[in-house]
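A.B. asks: Sequence first, predicted coordinates after that:
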Amino acid sequence: MLIYACSREPHYTALKRIIRYVKGTFDYGIHLYPSAPIKLLAYMDADWAGCPDTRRSTSSYCLFLGDNLISWSAKRQTTVSCSSAEAEYRVVANVVSESCWIRNLLLELHCPIPTATLVYCDNVSAIYISGNPINHQRTKHIELDIHFVREKVARGQVRVLHVPTRHQIADIFTKGLPLVLFEDFRESLSIRRPPASTSGEC
């Protein structure tokens, strides 16, 4: 009842677009392929203060094992970030935590990952914070995230690297994109139609 009362024409238009997209891509799915060598790679992004009502940011990341997408997330942050670097760094901490869980799982399955997880970020300040051992006054409120990520970087388990915005795949979760870029990023996530079946297959 409350949702209906707060709905406006733009919401209805957006809903129709979503339904049209889902209907037009109903046969799409995530495809998994054999790939070597085994490595973990992540793209992450945040839309700083993207919510017009609460000014909270949306975190997003996608995590690949080899060439295969195995984990992804897009959700509103629980607190308001004072800067884009803070919003992005919270996502760095989230994706590093997820990668640690996956690394430990693979270790238990006797399939350890020998190389560091590569985390691609398009915010230079967030990258600098991850490797700089000096604590600044402006970062004290995210100190736990900073220490957690820096520890993983210092141990060689994670490397936080810059990626140009044009190649930031995680943007697909937080921003409206031009059609060509959206389709390019969707393809990079291995989301596509199933291969055409040959005649006579069951």
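C.D. replies: Yes, it's here.

A.B. asks: Tell me where this protein has strands.
C.D. replies: 29-30, 40-47, 58-65, 68-76, 117-121, 158-162, 191-192 (DSSP state E).

A.B. asks: In terms of secondary structure, what does the fifth one contact?
C.D. replies: I take that to be strand 117-121. strand 40-47, helix 84-108, strand 158-162 (3 or more C-beta pairs under 8 Å, 6 or more residues apart in numbering; DSSP states H and E). Any C-beta I mention is one placed from the backbone N, CA and C, and that applies to glycine too.

A.B. asks: Tell me which residue is most central in the chain.
C.D. replies: Centroid-nearest residue in the chain: residue 61, 0.8 Å away (criterion: C-alpha atoms, centre = their mean).

A.B. asks: residue contacts, it?
C.D. replies: Contact analysis of residue 61 by C-beta atoms under 8 Å, 6 or more residues apart in numbering lists 42-45, 71-73, 91, 94-95, 98, 170, 173.

A.B. asks: okay if I get these as a markdown table plus pLDDT and distance to residue 194?
C.D. replies: Putting the contacts of residue 61 into a markdown table (pLDDT from 0 to 100; distance: C-beta to C-beta, whole Å) gives the following:
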| residue | pLDDT | distance to residue 194 |
| --- | --- | --- |
| 42 | 97 | 26 |
| 43 | 97 | 25 |
| 44 | 95 | 29 |
| 45 | 92 | 29 |
| 71 | 95 | 22 |
| 72 | 95 | 20 |
| 73 | 94 | 25 |
| 91 | 92 | 32 |
| 94 | 92 | 31 |
| 95 | 95 | 29 |
| 98 | 96 | 28 |
| 170 | 93 | 25 |
| 173 | 91 | 23 |
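
A.B. asks: which one of those residues sits closest to residue 122?
C.D. replies: In terms of C-beta to C-beta, no member of the contacts of residue 61 lies closer to residue 122 than residue 45, at 6.6 Å.

A.B. asks: The residue lying closest to the closest one once chain neighbours are set aside: neighbouring residues, count only.
C.D. replies: Sequence neighbours aside, residue 170 is the residue nearest to residue 45 in space, at 3.9 Å (criterion: C-beta to C-beta, 6 or more residues apart in numbering). Residues lying near residue 170 (other C-beta atoms under 10 Å) number 28.

A.B. asks: One more: the one 10 residues further on?
C.D. replies: By other C-beta under 10 Å, 8 other residues sit near residue 180.

A.B. asks: Please determine how far residue 175 is located from residue 182.
C.D. replies: Counting by C-beta to C-beta, to the nearest Å, the separation of residue 175 from residue 182 is 10 Å.

A.B. asks: same thing with residue 195?
C.D. replies: 22 Å.

A.B. asks: who's more crowded, these two?
C.D. replies: residue 182 (15 against 7).

A.B. asks: who's in contact with the more buried one?
C.D. replies: residue 172.

A.B. asks: ok, now which ones touch residue 59?
C.D. replies: Residue 59 makes contact with 44, 46, 73, 74, 75, 76, 77, 87, 90, 91, 94 under the criterion C-beta under 8 Å, 6+ apart.
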